[in-house]
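Trainee: take this sequence and fold it.
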Amino acid sequence: MAVDGTNAYPDTRAQLLPWATCTPLVAAWATAMALPPTAETFVADLRQRLTMAAALVDQQFPEQDQLSIAPDGVPLLKRIPRRDIPPSALLLERQVLARMPDRHLLDMVAAVGSWTNCMRHLGPPAGTEPKLADARTDYTRLLFAYGTNLGPAQAARHMRDAISARSLSYLNQRHVTSVKLNAAQADIINVYHTLTLPRLWGVGRIAAADGTLIPLADRNPLAKLHFRYRRSGGIAYHHVADNYIAIFSHFIPCGVWEAIYIIEGLLQNQSDLQPQRVHADTQGQSTPVFALAHLLGIELLPRIRSVELSLSCTFEARHPCYDYRCL
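Mentor: The predicted model follows:
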């Protein structure tokens, strides 16, 4: 007997390959990721990168005005001052809003479905064609009902009985899965990425990962008390590229270290948009995640909590660097 989804719950340690099987694969992986193939050369490469980074920091002094070294050797990183919004940007915003016509969300969902053909992923579990008189229209109403959090009852009421709440609920239970939604999301991202507007903001090589507290009902299994905000809810964790395209979303409980979902978000991304550099807050700081990110060719740049206490590397004595005693 096979049960769908049970592969997400077994002991992953029992599924690991033996090292004898992994050894022949190391060279090919190192070549693909442009990494040294042996342990000795790998460590030497990391030491060389650290030395080059230290030399680069030294060359920027004393012109460097963001980073300074206190007399006791503790590095001090200044906060970047906030820049005022120029009047020309405010004028541009007013002009854009004045010329932008009103659009209805239901029309937008229908238009996106027509342009991207993303609704082809929705359907019965057997993979057959949906036996609906107008599948695209029903799926448009379905995505609107659940995408806006109205739910089937409220959405059916606002649609003036164009579709019943029972039909919306049935379609959501039988025609929609997280795998199908992720595939539809990849289609939308791929089409939107080819447009001119998002390219004005960025090329999609950089992404930011962060979580947002979302209030939940007390009986929700994911609802927990957030230690910092002192409120109950869950964390909506997002990866947003530098061209303002959300490439990954995941809902996690409060108290979970968010760094483990940075790698998962990038690995589960099925779109053509593949960021190589990820910025995160202090929740992205994790030694195992740093190691995995480096092995996967990902440049992880989180905000370091208590940086003066986290620096533990040492330079070699022959390297002509400043005497950073904190290091």
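
Trainee: are we agreed that residue 169 is in a strand?
Mentor: No: assigned with DSSP: H, G, I helix; E, B strand; the rest coil, residue 169 falls outside any strand and is helix.

Trainee: pretty sure it is touching residue 155, no?
Mentor: No: counting by C-beta atoms under 8 Å, residue 169 stays clear of residue 155, with 10.2 Å between them. No exception for glycine: its C-beta is placed from N, CA and C like everyone else's.

Trainee: tell me which of these two has more neighbours.
Mentor: Comparing residue 169 with residue 155 by other C-beta atoms under 10 Å, the one with more neighbours is residue 155, at 22 against 17.

Trainee: any idea whether that one is helix, strand or coil?
Mentor: helix.

Trainee: which parts of the stretch 1-150 of the chain are strands?
Mentor: 67-69, 75-77 (DSSP state E, counting those that start in this stretch).

Trainee: and what of the stretch 151-300 of the chain?
Mentor: 206-215, 224-225, 232-241, 246-253, 277-280, 299-302.

Trainee: CA atoms only: put the fourth one into PDB for me.
Mentor: The C-alpha coordinates for strand 246-253 follow below in PDB (Å, rounded to 0.1, in the frame of the first residue of the first chain):
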ATOM      1  CA  ALA A 246       8.200  36.600  -5.400                       C
ATOM      2  CA  ILE A 247       9.700  33.300  -6.300                       C
ATOM      3  CA  PHE A 248       9.000  31.200  -3.200                       C
ATOM      4  CA  SER A 249       6.500  31.300  -0.300                       C
ATOM      5  CA  HIS A 250       6.200  29.000   2.600                       C
ATOM      6  CA  PHE A 251       4.200  29.100   5.800                       C
ATOM      7  CA  ILE A 252       6.100  28.100   9.000                       C
ATOM      8  CA  PRO A 253       5.300  28.200  12.700                       C
END
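
Trainee: for this protein, give me the ranges with low pLDDT.
Mentor: 308-327 (pLDDT under 70).

Trainee: in it, which residue is most central in space?
Mentor: residue 239 (2.1 Å; C-alpha atoms, centre = their mean).

Trainee: ok, for that one, nearest residue in space, not its chain neighbours?
Mentor: residue 248 (4.0 Å; C-beta to C-beta, 6 or more residues apart in numbering).

Trainee: my guess is the one you found contacts residue 268. True?
Mentor: Yes: judged on C-beta under 8 Å, residue 248 makes contact with residue 268 at a distance of 6.4 Å.

Trainee: now distance to residue 227 too, for the strands of the stretch 1-150 of the chain, in CSV please.
Mentor: Below are the strands of the stretch 1-150 of the chain laid out as CSV (distance: least, C-beta to C-beta, whole Å):
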stretch, distance to residue 227
strand 67-69, 31
strand 75-77, 25
